[in-house]
Each structure stands twice: as structure tokens, then as C-alpha cells.
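A.B. asks: Okay, here's the prediction I keep looking at, along with the sequence it came from:
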There are 2 protein chains.
Amino acid sequence: MTTALIAQLQAIVGTAQVLTHDDPATDLTAWEQDWRRRSRGRALAVVRPANTAEVAAVVKACVAAGSPIVPQGGNTGLAVGSIPDDSGRQVVLSLTRMNAVRQLDPDNLTITVEAGCILQNLQTAAEQAGYLFPLSLAAEGSCTIGGNLGTNAGGTQVLRYGNTRELCLGLEVVTAQGEVWDGLSGLRKDNTGYDLRDLFIGSEGTLGIITAATLKLYPQPAATLTAWAAVASLDDAVTLLGLAHQHLGAGLTGFEVMGQFALSLVGKHMPQLRVPFLGQDNAPYGVLLENSDSESETHARERFEKLLETAFEQGCVQDAVVAENLSQAHQLWHVRESIPLAQAEEGLNVKHDISIPVSRIPAFCAETDALLQREIPGVRLVNFGHLGDGNLHYNVQAPADGDAKAFLREQEDRVNTLVYDQVKRYAGSISAEHGVGSLKRDKLPHYKSPVALDLMRAIKRALDPQNLMNPGRVVEV
Amino acid sequence: MTTALIAQLQAIVGTAQVLTHDDPATDLTAWEQDWRRRSRGRALAVVRPANTAEVAAVVKACVAAGSPIVPQGGNTGLAVGSIPDDSGRQVVLSLTRMNAVRQLDPDNLTITVEAGCILQNLQTAAEQAGYLFPLSLAAEGSCTIGGNLGTNAGGTQVLRYGNTRELCLGLEVVTAQGEVWDGLSGLRKDNTGYDLRDLFIGSEGTLGIITAATLKLYPQPAATLTAWAAVASLDDAVTLLGLAHQHLGAGLTGFEVMGQFALSLVGKHMPQLRVPFLGQDNAPYGVLLENSDSESETHARERFEKLLETAFEQGCVQDAVVAENLSQAHQLWHVRESIPLAQAEEGLNVKHDISIPVSRIPAFCAETDALLQREIPGVRLVNFGHLGDGNLHYNVQAPADGDAKAFLREQEDRVNTLVYDQVKRYAGSISAEHGVGSLKRDKLPHYKSPVALDLMRAIKRALDPQNLMNPGRVVEV
């Protein structure tokens, strides 16, 4: 059966595009191991189709053989959702050869690309035509737009432009039956039935395979300015956010908050970086603000100064600096983006990707910080994130003098439970932007409404009755 | 059976809130006739629950009795989707008593309201707290937010703020099993499973009943300015739109186009209104632009003048006027909003609510205008709409000297087919913002992908296996 399937797959995509363990020289690590090296599976085969018709034929062949399919893009996901399990029965369907920009329509402000297009290449294609594709995240040099759509990726520009879902107007999808749905609409309004597009987006390959998408473009801003503010508390950060919305309107494209301990790790492990206001008593939190202006740099600067002036007057900002030029702006962002690496240098830690209504974040953090410190003496909190979206990377680092490996082994589950129970109490989400995958699948039943889970299972059974599309991820049926 | 159900419903919501034809003094016209008076049904009963628990109990009672349920808000829909059929077996579930604003959270920029809240009251609640809820459409004084969500309503602010779908963060829904899904999230990021929210939005009550929603608020703009430009062609209008995006960025909140004939009807039937550039040879199309500025009126005016100056230089604008004050701005919008009424005064016509990629609208209109004039000599085209969203109300008026009633009787189907076939050719949608209801249900199989229809049917069967939720609307199973 397996041999027959492999032969069929080879006939569809060509022998060179079907990789298996039969050839001992072939190393499938890149497809079988997840990005954060938390898990490794074993694939029956890695199949690399060149176009949508081939994807459909591969799905039909796998369905006929009863072989589960794991769609994969750049394999940079953080929830272990795009690698095979260890059964050796799952076919990895890699979309990376389907990487064409099919069309760029300037008057319609849209770009149509294939799923395997690397996010950075998509950004560049837009930029070269004079437009902005705003999705931006750490893995952009290797993640694919198909994976971004499959997981509804977030990133640093969500405050203004929304998650990946909000950037997509239409999809082309190969269904679990191997049919092609051509929903590549360049329409901003279409009310002819159920929202299939948004159902496939964020379904992590469990309902069908996204093969192409039509995405929104935006005019490039005339100028983008960055500022760093020291604030005395998360309450003040929330007040500053409100002022920034009011003063900058849609110009506010970034609002990141970083706790002093997170910043101190950058100072310690990357001494070449200048961390603003580090160690100042009046700066327990730093806020990175970005202002994108459709007019000019002068105007952007005026607006920023007016905002900060008002914030000083109202007392919600202790100190602030506006980047004088692009290089200074990059340095400020670089500090923010170095936190995960600095944290890794410091040692093992438990990561969270949570969201809470913005208004409740100060109370959530105060309460949860205290709870963790009470329950696990000496624990250190590396708290940073996209405050404007209510999204925190609320990470928990082992005590400074302890055994970090033992901490992770003994405390990870307990830390997760303490944090997620608090998230539930505050009506938040245990996965804000990274998805569920197999990593958080078993947590959903504890933290999500049973009615919602029943609806999800009903949809999964309806669209994938044989349970062959990325089975065991997101929701168990 | 019926008597038992009525008694049960009375026990749930109180006798006074169950209206039936048994009492000859009770007039159910308001619930049984659609807004445009195209159709009238006959309800078994109109039930008016006061809260979510009552909605759930009503659904459970109807499901047990096998009685179909038609959810209804302000009953202002344009696709005949919220009135009962003529069987006398369907229960109208009216949400209008559930009209509370449950919560307004300024720091989270959200408002939570019940489904029966009238859109204008929601706008006012936001405004009184200093915020903007941007959804705005002609029926706002009587439509409800539940209906807006059920149909994913569009309106005049879509260009900047999106359709109703984009304004919603979370829903409370009573499922077809009478369970309550509390998905009232105030979160801007939540990737814990399938996008149930967007599936219910736009499903026109066929998958469940929306009982409440958490919606996005925005800062109120500091100033809103309106301008009217005369343009020589739709090509020039598209060029102007591109310039406006570039110059105003997210400040561009409105871009409406109106053909000269549509405007001439306003001039003819509303002589008290001053229609700019009416009858000028260089003004076959008028464009209404709106610029919402987060800074000041002075700044808004500067930006507008800079845009129009550039447009004149590039030759895509023939003439233009910027409203000097709020009253002039209202007058300009009033001209735009008077087109449907002026058209009604002129006589019967065939209406369309279509969308096309913006870049293809000039070619679509040129080709379709010519086609209709060739096929039906003397026909008059009342073309206007939200060009920024690619959404046209491409309406077809009887020849001036003909019998309009006979025209409608004899030509409506043919006109629809000619226009919709063209829409399909241009990869457009036959319902941009009004939905499907029962009016366009039978058209979908001709104009929508069979794969998409199969997916829709699978979802409908999965979530509403008894086919009791607004059956026969949107999609036939």
C-alpha cells in the first residue's frame, strides 16, 4: 500500500520531489523537526508539488490510501503544528516550491501570491512596486505566507493593520477531498455566503491546504519614527496607549512594552546594545512607540513631540527619547527584538503567548507576578509584548541561583497551569498569535468553552470526515 | 403540537411577548413583510425574548417541536432574509427587546452590546463616551447591530474601517441546539482554534442566533472634511482614488462615485438640493471624498488641498470644491444619499449591489453599459457606489418613455442575467454588502464556485443538522 502510494506521488510531482527514508543519504531533519527543537517526528515521505493541480492530485492520492497529510511552509511555527508525528505514516506536503507572485494590482491595492512565498520576498515585491505589505515578524526571512495564513500570524504591525486574517481578501484552497476552491478574490466586499476564507485562515492545515492568497497592499508611509518612553507602571503604559491612539490615530503602528528585568537581560548579554533608561528607578517599564506618517518626517516628529509633551504633563511618562534617524530607530527596535535571545542566553525558561483585554493587563500582571513569586520563590519574570494588542509574552525564567533544567522539568506544567488559570480568570487567550498545533491542543479543553469546542469538532468532521488533514492538531475529533 | 409549542413559548418569555394570528386584533405586518415590500410571509408566532437564556430556551422548544426559526432584528434587510415564509409554520424570533449596552471599556477600546441594539443608539453610546463606532448606513435609525452582524453590513465607512465583520472582536451566540456560546472576547488576538466568530457573522441566522457582540471603538477624528470632484471618466476616478490613498493614508474615510444620470435625477426630483457641477460637460462623474484627520481642521484642509492640487496637475480632476463647514459637508452627503429616493421618484428600476476589483471597474462599466443599451434600447443607467471598496449600486432604470411596470415584469430577469454574467466575467460578486437571503439564494449556484457551495452545505448540515435555523436562506441543503 505504502509503496503504491509513494509510486503514485512520484508520478504526480516527479521522483526528485518525493523524499523518503528509503534513501539513507536523505536527511529529512528540516521537515521533521520543529523550529524550537521541542519535537521530532518521522515522515512517510516529504512531497514537494510545483503547482495547485499537483497539490490536489497529491491530496487525492493520500486520501485514497488513507494517509494523513501534514502541510508545511517554512516550518518556523512555534506550536509544533507542521511536523509529522512519530508514526512514520504521515506525508509532509511542503509548499515551498510554490513561491510565485502571481499578480500585483496597484489600482486594486492587492497582490496574489502562492503559499510557499517567503514573507520577506512578498514584502520586497510590494515595496518594489511602491507599496507596503505590513505583516512583519521575527521569522520573516524563512516563514512562508501560507504558514502565516494557516496560523493567522500576528507580529509587530497588528495594532494598525491587524493579524494576517485582516490582510487577506481571498484564498485558493485544496480541500480534504482534493478539490480546488478558487476563492482568490480581490474584492473588499462579498456577502455571498459563509466566510470560508476566515475559516481556513488559522485552521493550521486541519481543514484543507491553502495554496495561494490575494492580500491587501497599503501605501507606503512617507515617514516612520520611533520613540522610547520610560513609564512608572503598566497603568501608565495603558494611559499612554490611549493618548497615542488619540493623538496619532492610524499613525500609531507600534506600541511595545518591556519590563525592566527583560531589558536588564539585554543589557547583560548584549553589552554592545544601548538600552535606554536601563536601571533608572523611574523606569520599571519601557515603551517602544512607532508613528507612521502619510505626510512627512517633519510632521511625524511634530505629532510625536506633541504626544510626548501631553504625556509628560499628565504624568504618565517619566522620560522619553525620539530616534533622530533611521539608524537610531533600528537600534531601539533591535533592543526590543533581542529580548528572546537575551533570555535564551540567561538560560531555560517557560514561554507564554497570551492575550488579555488591554484594560485588565495591569491588574493581571500585578496579581500573576505576585502569585508566581509566592508559589515559586525566586522565579524571574521576563514580561514584554505588544501592549497595543493586549498580547504579552509573559515568560518565566528559573531562579537565578537554581538548576534551570530541573526547574523546567519540575515546574513547567505547574507554571503553565498557574499562568493559564489566571488568563482564564481575566477572560484572555492562552494562544494570542502562535496557534495551537499539537503543543497546546490538550490545553484547549481546559481553557476554551465546551460549546466552542463542539462547534469546532462539528466543522472538522464536516470538512474532513476521514480526519486526514493534519490530524491531532488544534482539536481532537 | 402547535398549541403545545405556543404554550411553551409563552411560559418562557411571557404571554405578552408571543404574538400570533389567533388574536385578530394583532397586526404582524411589521415582522412578516420585508423592508422593500417585495415579499410577505405568515408566521406561526412572533416571539420576543428578553435575554440570552430566553433565546436559548425558545430555540430548544422550537427544535423539540421541529419548528423552523427566523431570527429578526430591525427587519431592514434588502435580501428578504429575515421574514418568515408563507407556510405559517415558522417562528419569528425578534431580538429587539435585547437592546442593552452591556459594557463600554475605554482602555480596551471596546463596547459590548446586545443584538437588538439599534445601530444609531450604539453610535451614540460610543460618541457620548468620546469614541467612534464607525459603522454607518442608511437604515441606521432602525436596523439593529445583530442584523448588521448577521448580514455583515457594509455602508459608507468600509474604506477605512472595514465591513461589520472587521469591527467585531467577539460574539455571544445561541447555537442550533439551543446552547449558549460565550465568545464575547475583547481580545484583538486569539489563535485558539477555528474562527467561529466570522463564520456566524454574515451567515444570516442560518447557523445560529447572535445575541450579543463585543465591538471595536476608535478615537473620534479631530476633524472631518468633505470634498466633491468632477472627473472626466471612471479611469480618472480610479487614478484619483490611488492619489487619495497615497496623500491621506488612513485619513481617507470615504470615496463615493456617482454617474451624471444618477445626479440628474437628484436635480430633477429634489430641486431644493444643489448638485455640484450638474450638467457640466467635463463632469460625467462626480466623486465625493471624505478626509478624517486625527489632528485638526486646518491640517485636514491643507492635506485635502494638496491632494486636489496634485490631482489637477495630473489631469484626473476637472473641477472640485471642498465644503467650507459642516453644513456644506452634510449637503454634499445629502446629494449622494438622495440618489435612491430620486430614483424611486423617477419610477421602477432593477437594483444591483455588486463588487468588482477596483482596477477593473472602468472596463466593466464601459462594457456593461454598452451591452445593456444594445440589448434593451433606451435603458438608463443609475450607477453610483462606494468606488473605494469596488462596490457599485449598478441600477437599471426603465426607458424614459416606456411602461416601467411592464419593463420590470418583462425585463427584470433578463437585466439581472446580463449584469450578473458580466460580474462573473470580471471576477466580481453579485452581493457586495446586502447578503443573499431568499432573494439571491437561487442565483448563487450560477455565480459561485460549486466547491464553495459544497463547503457551505457541509457546514450548514454540521451546525444545523435539522435545518431549522432560517431554512431556505443563503444556501439550500
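C.D. replies: Structure's in. What do you need? Residues are numbered from 1 along each chain as shown, chains lettered A, B, ... in the order given.
A.B. asks: Going by C-alpha atoms from here, please, whenever you check contacts or count neighbours.
C.D. replies: Noted.
A.B. asks: Quick one: the helices in the stretch 251-400 of chain A, in order.
C.D. replies: For the stretch 251-400 of chain A, applying DSSP state H, counting those that start in this stretch gives helices covering A:260-269, A:297-314, A:326-337, A:339-346, A:361-375.
A.B. asks: Point out the other helices and strands that the helix or strand where A:A452 lies packs with.
C.D. replies: Assigned by DSSP states H and E, A:A452 belongs to helix A:450-463. When contacts are defined as 3 or more C-alpha pairs under 8 Å, 6 or more residues apart in numbering or on different chains; DSSP states H and E, helix A:450-463 packs onto strand B:180-183, helix B:196-200, helix B:450-463.
A.B. asks: hmm, 10 Å instead?
C.D. replies: Helix A:450-463 sits against helix A:444-447, strand B:168-175, strand B:180-183, helix B:196-200, helix B:450-463, with contacts defined as 3 or more C-alpha pairs under 10 Å, 6 or more residues apart in numbering or on different chains; DSSP states H and E.
A.B. asks: average model confidence for it?
C.D. replies: Here helix A:450-463 scores 98 as its mean pLDDT.
A.B. asks: Show me the domain layout of chain A.
C.D. replies: Using automatic domain parsing, the domains assigned to chain A come out as A:2-94, A:101-219, A:223-341, A:347-425.
A.B. asks: Could you dump these into TSV and include mean pLDDT and distance to chain B?
C.D. replies: TSV is the format used below for the domains of chain A (pLDDT from 0 to 100; distance: least, C-alpha to the nearest C-alpha, whole Å):
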stretch	mean pLDDT	distance to chain B
domain A:2-94	96	11
domain A:101-219	97	4
domain A:223-341	96	6
domain A:347-425	95	5
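A.B. asks: Check the helices of the stretch 251-400 of chain A for me and report the most buried one.
C.D. replies: By mean neighbour count, with neighbours taken as mean count of other C-alpha atoms under 10 Å in any protein chain shown, helix A:260-269 ranks first of the helices of the stretch 251-400 of chain A at a mean of 21.
A.B. asks: between it and helix A:339-346, how many degrees?
C.D. replies: In terms of direction (axes from the mean of the first three to the mean of the last three C-alpha atoms, to 10 degrees), helix A:260-269 departs from helix A:339-346 by 70 degrees.
A.B. asks: How far away from the center of its chain is helix A:260-269?
C.D. replies: Mean C-alpha position of helix A:260-269 versus that of the full chain (C-alpha atoms, centre = their mean, to the nearest Å) differs by 23 Å.
A.B. asks: now what about it, what contacts it?
C.D. replies: By C-alpha atoms under 10 Å, 6 or more residues apart in numbering or on different chains, the surrounding residues in contact with helix A:260-269 are A:230, A:270-281, A:283-286, A:335-346, A:380-384, A:395.
A.B. asks: any idea how far the residue sitting nearest the centre point of chain A is from A:V101?
C.D. replies: Nearest residue to the geometric centre of chain A (C-alpha atoms, centre = their mean): A:A153, 3.6 Å. The spacing between A:A153 and A:V101, counted by C-alpha to C-alpha, to the nearest Å, is 20 Å.
A.B. asks: re the thing from before, just the helices and strands packed on helix A:450-463: most buried one?
C.D. replies: Per residue and on average, the most neighbours among the helices and strands packed on helix A:450-463 fall to strand B:168-175, with a mean of 25 (mean count of other C-alpha under 10 Å).
A.B. asks: near chain A at all, that one?
C.D. replies: Yes: Strand B:168-175 reaches chain A (C-alpha under 10 Å from any C-alpha of the partner chain) through B:173-175.
A.B. asks: just those now: which is nearest B:P399?
C.D. replies: Minimum distance to B:P399 across the residues of strand B:168-175 next to chain A is 47.3 Å, recorded for B:V173 (C-alpha to C-alpha).
A.B. asks: export the longest helix seen in chain A as PDB, just CAs?
C.D. replies: As assigned by DSSP state H, the longest helix anywhere in chain A is helix A:404-425. In PDB, the C-alpha atoms belonging to helix A:404-425 read as follows (Å, rounded to 0.1, in the frame of the first residue of the first chain):
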ATOM      1  CA  ALA A 404      17.400  25.700  35.200                       C
ATOM      2  CA  LYS A 405      17.000  22.200  33.700                       C
ATOM      3  CA  ALA A 406      15.500  20.900  36.900                       C
ATOM      4  CA  PHE A 407      13.200  23.900  37.100                       C
ATOM      5  CA  LEU A 408      11.900  23.300  33.600                       C
ATOM      6  CA  ARG A 409      11.400  19.600  34.300                       C
ATOM      7  CA  GLU A 410       9.700  20.000  37.600                       C
ATOM      8  CA  GLN A 411       7.900  23.300  37.300                       C
ATOM      9  CA  GLU A 412       6.900  23.800  33.600                       C
ATOM     10  CA  ASP A 413       3.500  22.200  33.900                       C
ATOM     11  CA  ARG A 414       2.800  24.000  37.200                       C
ATOM     12  CA  VAL A 415       3.900  27.400  35.800                       C
ATOM     13  CA  ASN A 416       1.700  26.900  32.800                       C
ATOM     14  CA  THR A 417      -1.300  26.000  34.900                       C
ATOM     15  CA  LEU A 418      -0.800  29.000  37.200                       C
ATOM     16  CA  VAL A 419      -0.500  31.400  34.300                       C
ATOM     17  CA  TYR A 420      -3.200  29.900  32.100                       C
ATOM     18  CA  ASP A 421      -5.700  29.700  35.100                       C
ATOM     19  CA  GLN A 422      -5.000  33.400  35.600                       C
ATOM     20  CA  VAL A 423      -5.500  34.100  31.900                       C
ATOM     21  CA  LYS A 424      -8.900  32.300  32.000                       C
ATOM     22  CA  ARG A 425      -9.900  34.400  35.100                       C
END
